[in-house]
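[1] Predicted structure and sequence below. I'll ask about it afterward.
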Amino acid sequence: MPKMIPVPDDLSKPFWDAVNERKLMVQSCNDCPTLQYPPRPRCQDCNSENLGWKETSGKGHISTFMVSTDTRLQRRVPDQPFNIALISLDDDPRINFYSNLPGVPVREVPVGAAVEVIFEEVAPGQLIHEWKLVE
Amino acid sequence: MATQETTWRRDRTGLGVWPHQGKVAITGWGHSPVDRRWDGVTMDTILGAYAILAVRRALDDAGVKPEEVDGLLCCPDNMAGFNVAGPAGQWGPFRPYFPPPYDSEDGISIVTNKWLLSQMPELSNVTYTADDVPAIGEGMGYAAQACAEGKYQVGVYVYTANNLEGRYRRGGDNAEDHARGARQWSTPWGAAGGQDALPLQGYCHKYGVEWDDMMAPVIINEHRNGLMKQESDLEGWSFYYQNGASGLTVEDYINSRPTFWPIKIWDCDRPINAVGAFVFTTAERARDMKQKPIYVMNHNQGNTARTRSSQITCDEQEVANAMAAQMAYEGSGWTPRDVDIFNPYDGYSWFLPFFLEAFGWHGVGYGEARDFFNGDISVEGPHPFCSGGGNLGNGRTRTSMYIDSIQQLRGTAGSRQVNVKAETAICAFAPFTSSAYLCLSNVPS
């Protein structure tokens, strides 16, 4: 499944470095309790620029899903159809991630089920975060 | 793209009733035929030629002579191809140019004020033009605001919708192997557009409804309304009417090709090539014109999304749309009970449950759209929702919500004329979490 390869920038490099070490981090505000993903230059609640990183539990739940059957992304065309699920993070359910839920048959996504993060290589030395059902 | 002047925008709550309420009127509209695509050859069906036709028809509808026009507001933006942000907007095949006036992109996939004025010498007294006119959702408000501020007395707003050979948004970033910028958080998992409907999937889980059960009746009704045209509508400002479509059935819908399941092809508006034009005048000038004036009571712009993470959720969508509704009601001074005609944007079907419930039209509350859509929403009935047929029933013109509202308030919608009171309307090209709603009335106060 040839997924697109993320290109880290100044803001996202710590995140992708952590992913390459098989850790799922989110941005953490040092001036209020906010966690946020994707990373932003400022805290979306208190506007602070004093932001750090926090490793998450890597646990989540499936909120909902759809199935890609006519993607605009040329690299993903051969993979179709594939699930696109929305995963809410247990550490803060307001944070969500996309997932293709590897191994879950198309359209047979158990909404509400528990998942945990896994990591998938999309290019030599570059991992991305994915999610699998908790058995 | 030119930077837009922003002081005219009504893009937040707390602004109160529009101070120019009832001082500007829409007095005419005109439309070109609605073609699936420009064929790349026929010069009298090109976007520029269609813009000329639409403007002439709008002026004729209003009973305005070309020399009376002092304002021209062409939106140089459109849905795909030229001027779409980012390289993903690049069109497909190489396309040659032609002898003047089609020797550049202007007149082919866009139409600017400069181009149109050069081709319509009869517009000899235009003193006001704006080159930063937004797309029709915000653009109709822009035109109303400019008229209210005295920038012109009789103006024409022109909206072009292009569709050329090839499939758009397949090139540029979307053809690359790497995901840069904001795309690093979405495209690795295949999220490049269709996942926008995840909020409605979340809605289905939240309220325990089935997508097809909720969406089929409203989509079928949109197509029915889109076909209900009259002889004076010429080509019917509708791809389907123009091409003699027979109407969509529930079976057609349910069995149609999934594009991003549960989204199917009929949940999506069909891209087309067409132009619409609208005449705006001061209320004072409107009094002695050919048509009953349709007064602008409020306009809004902006985006109310407050998305915390990768993907807007159902709850966030509901909050955002509620804020847009609040802006429309505050600016017009109306309550949901005051809105007779409701033509929200449907240029994906899944917007409709959110917009209906956010505006509380006909008392519909959260989680009640499924039952409402399965009731009587026909134009003959008590709840004529989307009476114009919208983009789904006409094609992606983005004009039908406005034209139908004008016709309903004039009482000239023919077989589509609603049986309920039609004195006020809310209409929009306001996708997703846009707040670009336009409030109209056939009385100025």
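    Sure thing, it's come through.
[2] On the C-terminal side of the helix or strand where B:V279 lies, identify the next helix or strand.
    Using DSSP states H and E, B:V279 maps to strand B:274-282. Next along the chain after strand B:274-282, taking DSSP H and E as the criterion, comes helix B:283-286.
[3] same question for that next one, mean pLDDT?
    Mean per-residue pLDDT for helix B:283-286: 97.
[4] same check, this time on stretch B:184-194
    Stretch B:184-194 shows a mean pLDDT of 95.
[5] For it, output the C-alpha coordinates as CSV.
    Output of stretch B:184-194 as CSV, limited to C-alpha atoms (Å, rounded to 0.1, in the frame of the first residue of the first chain):
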residue,chain,number,x,y,z
GLN,B,184,1.3,15.7,5.8
TRP,B,185,-1.5,15.3,8.3
SER,B,186,-4.1,14.0,5.9
THR,B,187,-3.0,12.6,2.5
PRO,B,188,-0.8,9.7,3.8
TRP,B,189,-4.1,8.1,4.8
GLY,B,190,-5.8,9.0,1.6
ALA,B,191,-7.7,12.0,2.9
ALA,B,192,-7.8,14.5,0.0
GLY,B,193,-11.4,15.6,-0.3
GLY,B,194,-14.1,13.0,0.2
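[6] residue contacts, the residue sitting furthest away from the middle of chain A?
    Relative to the centre of chain A, and counting by C-alpha atoms, centre = their mean, the farthest-placed residue is A:D31 at 24.4 Å. If a contact means C-beta atoms under 8 Å, 6 or more residues apart in numbering or on different chains, then A:D31 has A:C43, A:C46, A:S48, A:N50 as its contacts. Bear in mind the C-beta positions are built from the backbone N, C-alpha and C, glycine included.
[7] need the residues you listed in a markdown table with pLDDT, can you?
    As requested, the contacts of A:D31 are exported to a markdown table (pLDDT from 0 to 100):
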| residue | pLDDT |
| --- | --- |
| A:C43 | 98 |
| A:C46 | 98 |
| A:S48 | 98 |
| A:N50 | 98 |
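[8] Just the buried residues from these, in ChimeraX please.
    Remark: buried members of the contacts of A:D31, expressed as a ChimeraX selection using 16 or more other C-beta atoms under 10 Å in any protein chain shown:
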select /A:43
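[9] Give the pairing partners of the helix or strand B:I426 falls within; include direction for each.
    Assigned by DSSP H and E, B:I426 belongs to strand B:424-428. Sheet partners assigned to strand B:424-428 using DSSP bridges are listed as strand B:341-343 (parallel), strand B:437-441 (antiparallel).
[10] Same list (the contacts of A:D31) but as a markdown table, adding distance to chain B and secondary structure.
    Putting these into a markdown table (distance: C-beta to the nearest C-beta, whole Å; DSSP: H, G, I helix; E, B strand; the rest coil) gives the following:
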| residue | distance to chain B | secondary structure |
| --- | --- | --- |
| A:C43 | 12 | coil |
| A:C46 | 14 | coil |
| A:S48 | 16 | coil |
| A:N50 | 19 | coil |
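[11] Would you point out the most distant pair within the contacts of A:D31?
    In these, two members sit farther apart than any others by C-beta to C-beta. They are A:C46 and A:N50, at 9.2 Å.
[12] Overlap of the contact sets of these two?
    Counting by C-beta under 8 Å, 6+ apart, the contacts common to A:C46 and A:N50 are A:C29, A:D31.
[13] can you give me the helices for chain A?
    With helices called from DSSP state H, chain A shows them at A:13-20.
[14] any idea which residue sits dead centre in it?
    Among the residues of chain A, the one closest to the centroid is A:F97, at 3.9 Å (C-alpha atoms, centre = their mean).
[15] mind checking how far that one is from A:V19?
    12 Å (C-beta to C-beta, to the nearest Å).
[16] What of B:W189?
    Taking C-beta to C-beta, one finds B:W189 at 13 Å from A:V19.
[17] Show me which of the two is the more surrounded one.
    Comparing B:W189 with A:V19 by neighbour count (other C-beta atoms under 10 Å in any protein chain shown), the higher total belongs to B:W189, at 29 against 21.
[18] okay, how far is it across stretch B:434-442, tip to tip?
    Stretch B:434-442 has an end-to-end distance of 25 Å (C-alpha to C-alpha, to the nearest Å).
[19] B:Y345 versus the residue of the stretch 251-400 of chain B found nearest chain A, what's the distance?
    As assessed by C-beta to the nearest C-beta, chain A sits closest to B:W261 within the stretch 251-400 of chain B, at 3.8 Å. To B:Y345, B:W261 is 23 Å away according to C-beta to C-beta.
[20] The two: which is more packed in?
    The residue with more neighbours, out of B:W261 and B:Y345, is B:Y345; 26 against 22, by other C-beta under 10 Å.
[21] what pLDDT does B:T6 get?
    65.
[22] Contacts only, for residue 118.
    I went with chain A, as the question did not name one. Contacts of A:I118 (C-beta under 8 Å, 6+ apart): A:P102, A:H129, A:E130, A:W131, A:K132.
[23] try chain B instead
    Taking C-beta under 8 Å, 6+ apart, one finds B:P101 in contact with B:S118.
[24] which element is it on?
    Going by DSSP H and E, B:S118 is in helix B:113-119.
[25] partners of whichever helix or strand comes after that helix in the sheet?
    Downstream of helix B:113-119, the first helix or strand assigned by DSSP H and E is strand B:128-129. With DSSP bridges as the test, strand B:128-129 is paired with strand B:71-74 (parallel).
[26] how far does the strand it pairs with sit from the chain's center?
    18 Å (C-alpha atoms, centre = their mean, to the nearest Å).
[27] ok, residues contacting that strand?
    Applying C-beta under 8 Å, 6+ apart, the set of residues contacting strand B:71-74 is B:51, B:111-113, B:115-117, B:123, B:126-130, B:133, B:139, B:142-143, B:146-147, B:151-158, B:160, B:280.
[28] Output that strand in PDB with nothing but the alpha carbons.
    Written as PDB, here are the backbone C-alpha positions of strand B:71-74 (Å, rounded to 0.1, in the frame of the first residue of the first chain):
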ATOM      1  CA  GLY B  71     -21.100  49.000 -12.100                       C
ATOM      2  CA  LEU B  72     -19.600  45.700 -13.200                       C
ATOM      3  CA  LEU B  73     -18.500  42.900 -10.800                       C
ATOM      4  CA  CYS B  74     -17.100  39.900 -12.500                       C
END
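[29] Name the nearest residue to B:S32, ignoring sequence neighbours.
    Counting by C-beta to C-beta, 6 or more residues apart in numbering or on different chains, B:S32 lies nearest to B:Y50, which is 3.5 Å off, once chain neighbours are set aside.
[30] and residue 61, what does it touch?
    In the absence of a named chain, chain A is used. A:I87, A:S88, A:D90, A:P93, A:G112, A:A113, A:A114, A:V115 are the contacts of A:H61 under C-beta under 8 Å, 6+ apart.
[31] oops, I was thinking of chain B
    Contact analysis of B:D61 by C-beta under 8 Å, 6+ apart lists B:G28, B:W29, B:G30, B:V279, B:K290, B:Q291.
[32] try 7 Å this time
    The contact partners of B:D61, by C-beta atoms under 7 Å, 6 or more residues apart in numbering or on different chains, come to B:G28, B:W29, B:G30, B:Q291.
[33] Now these in TSV, please, with extra columns for neighbour count, secondary structure and distance to chain A.
    Below are the contacts of B:D61 laid out as TSV (neighbours: other C-beta atoms under 10 Å in any protein chain shown; DSSP: H, G, I helix; E, B strand; the rest coil; distance: C-beta to the nearest C-beta, whole Å):
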residue	neighbour count	secondary structure	distance to chain A
B:G28	27	strand	38
B:W29	24	strand	33
B:G30	25	strand	34
B:Q291	18	coil	42
